[in-house]
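Asker: need the 3D shape of this:
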Amino acid sequence: MKKHIVLALAALVFAGSTAFAALQEGRREAPGGQRSEQGVRRDRDGARRHQRSRQRREGVRERIREHLGITDEQRAAGRDVARELAPIAEETRTKAREIVERARALRDAGDREGAKAILRDGLRPLLQSARERMLPPTRPLIESLTPEQRGKIERSLERRGRSFDEDRAAARLGWRLSRRR
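Answerer: Here you go, the predicted model:
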């Protein structure tokens, strides 16, 4: 009889500890932040997410530099162009922010179609004009690529089924250089 009671108690303890462990499995804690309903800590202000994004961009930037073998002169020219593009990018960001705020106000008032129209009719021309203003300063950077660097870019694009377009490359480089660091 005592044997059966001990076995029953051991089974209850085992079942209870297993159930407790199963309940606690979803309640992992990460450093910082607050606990959500699921028990996972969440970042309060997105700082960690922003930091990871910045680190990823830095990693991509460094891999591109290493893969293409960007020279010191090309880096210096890129920094000069970035300084030249900064006012254009800041002006574009400010205007885009205003357009998005107007669209958000319309959406919150219940006019989703009006919000979409404002975004479509406001952002597209703004971004197109910014692109056109960014092309002249960035074109010389694309033209300064050595044949080896250009070949590496073309091979990389061919693997993805694309071809090298100088205007598109200059526009993308302009946006990349105009990012806040």
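Asker: please name the nearest non-neighbouring residue to Ala130.
Answerer: Spatial nearest neighbour of Ala130, excluding adjacent residues (CB to CB, 6 or more residues apart in numbering): Thr92 at 4.3 Å. Placement of C-beta: from N, CA and C, glycine included.
Asker: tell me the gap between the helix ranked longest in the chain and the middle of its chain.
Answerer: With secondary structure taken from DSSP state H, the chain has its longest helix at helix 72-108. The chain centre lies 15 Å from the centre of helix 72-108; the measure is CA atoms, centre = their mean, to the nearest Å.
Asker: how far away from the center of its chain is the helix or strand following that helix?
Answerer: The helix or strand immediately downstream of helix 72-108 is helix 112-143, counting by DSSP states H and E. Centre-to-centre, helix 112-143 and its host chain are 19 Å apart (CA atoms, centre = their mean).
Asker: same question for the next helix or strand after helix 112-143, mean pLDDT?
Answerer: Sequence-wise, the next helix or strand downstream of helix 112-143 (DSSP H and E) is helix 147-159. Summarised as a single mean, pLDDT over helix 147-159 is 91.
Asker: would you mark the buried spots in helix 147-159?
Answerer: For helix 147-159, a neighbour-count test (16 or more other CB atoms under 10 Å) marks Gln149, Arg150, Lys152, Ile153 as buried.
Asker: residue nearest the middle of this structure, spatially speaking?
Answerer: Computing the C-alpha centroid of the chain and ranking residues by CA atoms, centre = their mean puts Ser53 first, at 5.5 Å.
Asker: show me what the helix or strand containing it is packed against.
Answerer: Assigned by DSSP H and E, Ser53 belongs to helix 47-68. Judged by 3 or more CB pairs under 8 Å, 6 or more residues apart in numbering; DSSP states H and E, helix 47-68 is in contact with helix 147-159.
Asker: compute the inter-axis angle for the helix it packs on and helix 112-143.
Answerer: Using axes from the mean of the first three to the mean of the last three CA atoms, to 10 degrees, the inter-axis angle of helix 147-159 relative to helix 112-143 is 140 degrees.
Asker: for whatever helix or strand comes next after helix 147-159, C-alpha coordinates in PDB please.
Answerer: Moving toward the C-terminus from helix 147-159, the next helix or strand (DSSP H and E) is helix 166-177. The C-alpha coordinates for helix 166-177 follow below in PDB (Å, rounded to 0.1, in the frame of the first residue of the first chain):
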ATOM      1  CA  GLU A 166      24.000  53.400 -65.100                       C
ATOM      2  CA  ASP A 167      21.000  55.700 -64.300                       C
ATOM      3  CA  ARG A 168      19.400  53.100 -62.000                       C
ATOM      4  CA  ALA A 169      22.800  52.400 -60.300                       C
ATOM      5  CA  ALA A 170      23.400  56.200 -59.900                       C
ATOM      6  CA  ALA A 171      19.900  56.600 -58.400                       C
ATOM      7  CA  ARG A 172      20.300  53.700 -56.000                       C
ATOM      8  CA  LEU A 173      23.800  55.000 -55.000                       C
ATOM      9  CA  GLY A 174      22.300  58.400 -54.400                       C
ATOM     10  CA  TRP A 175      19.600  57.100 -52.100                       C
ATOM     11  CA  ARG A 176      22.200  54.900 -50.300                       C
ATOM     12  CA  LEU A 177      24.600  57.800 -49.800                       C
END
